[in-house]
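Asks: after the sequence you'll find the predicted model.
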Number of protein chains: 2
Amino acid sequence: MSAPKLLLVEDDTALAELLEYRFASEGYEVRTSADGDEALVMAAEDTPDLVLLDWMIEGTSGIEVCRRLRRDKATAHVPIIMLTAREAEDDRVRGLETGADDYVTKPFSPRELLARVSAVLRRVRPALAGETIETGDIKLDPVAHRVERRGRALQIGPTEYRLLKFFMEHPRRVFSRSQLLDAVWGTGSEIEERTVDVHIRRLRKAIALDNARDPIRTVRSAGYALEPV
Amino acid sequence: MSAPKLLLVEDDTALAELLEYRFASEGYEVRTSADGDEALVMAAEDTPDLVLLDWMIEGTSGIEVCRRLRRDKATAHVPIIMLTAREAEDDRVRGLETGADDYVTKPFSPRELLARVSAVLRRVRPALAGETIETGDIKLDPVAHRVERRGRALQIGPTEYRLLKFFMEHPRRVFSRSQLLDAVWGTGSEIEERTVDVHIRRLRKAIALDNARDPIRTVRSAGYALEPV
DNA sequence: TCTTATTGTCACAAATTTGTCGAAAAAATG
DNA sequence: CATTTTTTCGACAAATTTGTGACAATAAGA
């Protein structure tokens, strides 16, 4: 089981404590910082799964923290939810422009924030929502980095593992080779699209089982999809 | 995969770039023009799925662009969202009269505009928003790229799939072969009109079912239409 | 360092799809 | 009923898209 790690950047101590308590009791692992620079250091030391960022903090402003998080490769893809004080349209626009994934305007209820966090995490890192993902007769444990089908453990290479995990996070959905390259190899990878085919074949071979149907569907001129069983 | 194609007509470069970035990161394919006449040419060359139209642009006015888009057969049904400056009631009324589908008043947040775009697309072209469409006893899931009729999955080729999807997005409407060529094969394809007949036949064969009536109606000397059930 | 895995590409085979024809069938026309 | 127009249908060869095995280059481990 992997508790999602949150980094809360908030200088209102009372609010911070309240949120810390609430999120902890919901199974999150929360670390808090009241200061922008300190938060950046903490993020660098142990990459969080999501950042809750108050827009109006002392010292380095929220927008600046956001920008730096995005600039650093390790934290570039960590989702950010910003906590804005007022209904400042400008702030909102700038925040989203800088790369925040969502925002909540104060005052908000912890319940509301929990819902947003859960929604964003589900969208960005589905594997974090539950400990193991299951699609059809295949089980994948992201923590143990282990895959099994019908009880039998599968031996699977690194790239194939990532590919399978991505498919399992979006079952039934068809992805083009280019989308798969972005998702599994990383955006901007300069790799031939046909290479995807080869890895699909390797994945198929790795998860193959006697008397079991191939769960990977080829959609001609569109891409591939993982179908349960 | 079908990234919805947007055409943004906006002469405020800064705003245009911001929107372009945000929409692109949400999976839209955006092309931008700062000029009304140029926009019309772009729309004619590659019919967009939706037009974002600033009401106050230099040269040909937004209202005029709107009118011309509606006049041209190929773009007549493309939804338009207008971006109006202030709370100009007059503009809003005139815009909606001219045929815009929705409007957003500046200043707006990208998020807000994204929501509108998504809403309009869902209303007008549900398949583009990723919703499954249903026409009679045929169901089409654009995300899974899957078609079924009365529960049974249909095997269907790429071109037939696109053709069926197009028909299902505009049920009951009769399309000429030339319109179908534009919509399914892409504008400017140099293909014999007779070829459409052949694909219609293939589609009919693919969706045929025992004891089920053929849902594709032939309108002699006019074209074809899809009728529910 | 040596050995074993993993990766990205190719080239070629296999499978599927595509655009056109021409003949047959069907529907309008007179 | 004969003629003309339009659509359906079966067949093909060309073109496109996928599946596969092999291979050299790297990376990872022992």
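Replies: All right, it came through fine. Just so we're clear, the structure is a prediction, and the values are computed from it rather than from any experiment.

Asks: just grab the bridge partners of residue A:32 for me.
Replies: residue A:8 (DSSP bridges).

Asks: so it is in contact with residue A:12, correct?
Replies: No: the criterion here is CB atoms under 8 Å, and residue A:32 misses it with residue A:12 at 10.8 Å. For the C-beta atoms, the positions are set from N, CA and C on the backbone; glycine is no exception.

Asks: low-confidence regions, chain A specifically.
Replies: A:1-2, A:58-60, A:70-77, A:85-101, A:123-131 (pLDDT under 70).

Asks: tell me the domain ranges of it?
Replies: A:5-129, A:133-226 (automatic domain parsing).

Asks: what about stretch A:143-157, near DNA strand D?
Replies: No: counting by CB under 7 Å from any atom of the strand, DNA strand D has no neighbours in stretch A:143-157; the shortest distance is 10.8 Å.

Asks: contacts for that stretch?
Replies: A:1-2, A:131, A:137-141, A:161, A:164, A:202-203, A:206-207, A:209, A:212 (CB atoms under 8 Å, 6 or more residues apart in numbering or on different chains).

Asks: cool, and stretch A:107-121?
Replies: So stretch A:107-121 is in contact with A:4, A:6, A:18-19, A:22-23, A:26, A:28, A:49-50, A:52, A:79, A:81, A:83, A:101-102, A:104, A:128-129, going by CB under 8 Å, 6+ apart.

Asks: and chain A, which residues reach DNA strand C?
Replies: A:157-160, A:185, A:190-192, A:194-195, A:198-199, A:220-221.

Asks: in chain A, which spans are strands?
Replies: A:5-9, A:29-33, A:50-54, A:80-84, A:102-105, A:133-135, A:138-141, A:146-149, A:152-153, A:216-219, A:223-226 (DSSP state E).

Asks: please identify the buried residues of stretch A:142-162?
Replies: A:142, A:147, A:149, A:154, A:156, A:160, A:161, A:162 (16 or more other CB atoms under 10 Å in any protein chain shown).

Asks: closest one to DNA strand C out of those, please.
Replies: residue A:160 (6.3 Å; CB to the nearest atom of the strand).

Asks: contacting residues for that closest one?
Replies: With CB under 8 Å, 6+ apart, residue A:160 has these contacts: A:199, A:202, A:203, A:206.

Asks: the third one: what's it in contact with?
Replies: Okay, so that is residue A:203. Residue A:203 touches A:156, A:160, A:163, A:164, A:216, counting by CB under 8 Å, 6+ apart.

Asks: looking at chain A, which residue is nearest DNA strand D?
Replies: For chain A, CB to the nearest atom of the strand, closest residue to DNA strand D: residue A:218, 3.7 Å.

Asks: run a quick neighbour tally on residue A:179.
Replies: 19 (other CB atoms under 10 Å in any protein chain shown).

Asks: quick one: it and residue B:154, what's the gap?
Replies: As for residue A:179, its distance to residue B:154 is 24 Å (criterion: CB to CB, to the nearest Å).

Asks: now residue A:225
Replies: For residue A:225, the distance to residue B:154 - CB to CB - is 16 Å.

Asks: got the buried residues for stretch A:39-53?
Replies: Result for stretch A:39-53 [16+ other CB under 10 Å]: buried residues A:39, A:40, A:42, A:43, A:47, A:48, A:49, A:50, A:51, A:52, A:53.

Asks: same question for stretch A:189-203.
Replies: Buried residues in stretch A:189-203 (16+ other CB under 10 Å): A:196, A:199, A:200, A:203.

Asks: name the nearest of those relative to residue A:168.
Replies: Of all the buried residues of stretch A:189-203, residue A:203 has the smallest distance to residue A:168: 11.3 Å, by CB to CB.

Asks: flag every residue of chain A that's near DNA strand D.
Replies: Checking chain A against DNA strand D by CB under 7 Å from any atom of the strand, the hits are A:194, A:197, A:198, A:200, A:201, A:204, A:218, A:219, A:220, A:221, A:222, A:223.

Asks: can I get those residues in TSV including distance to residue A:69?
Replies: What follows is these, written out as TSV (distance: CB to CB, whole Å):
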residue	distance to residue A:69
A:194	35
A:197	36
A:198	35
A:200	34
A:201	38
A:204	38
A:218	39
A:219	37
A:220	41
A:221	39
A:222	35
A:223	32
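
Asks: so which of the residues you listed belong to helices?
Replies: A:194, A:197, A:198, A:200, A:201, A:204 (DSSP state H).

Asks: and the last one, how far is that from residue B:6?
Replies: Look at residue A:204 and residue B:6: by CB to CB, they are 37 Å apart.

Asks: just the fifth one next, same as before
Replies: The spacing between residue A:201 and residue B:6, counted by CB to CB, is 36 Å.

Asks: cool, and residue A:34?
Replies: With CB to CB as the criterion, residue A:34 and residue B:6 are 41 Å apart.

Asks: the more surrounded of the two?
Replies: residue B:6 (22 against 17).

Asks: so what's that one up against?
Replies: B:23, B:28, B:29, B:30, B:31, B:48, B:49, B:50, B:51, B:52, B:117.
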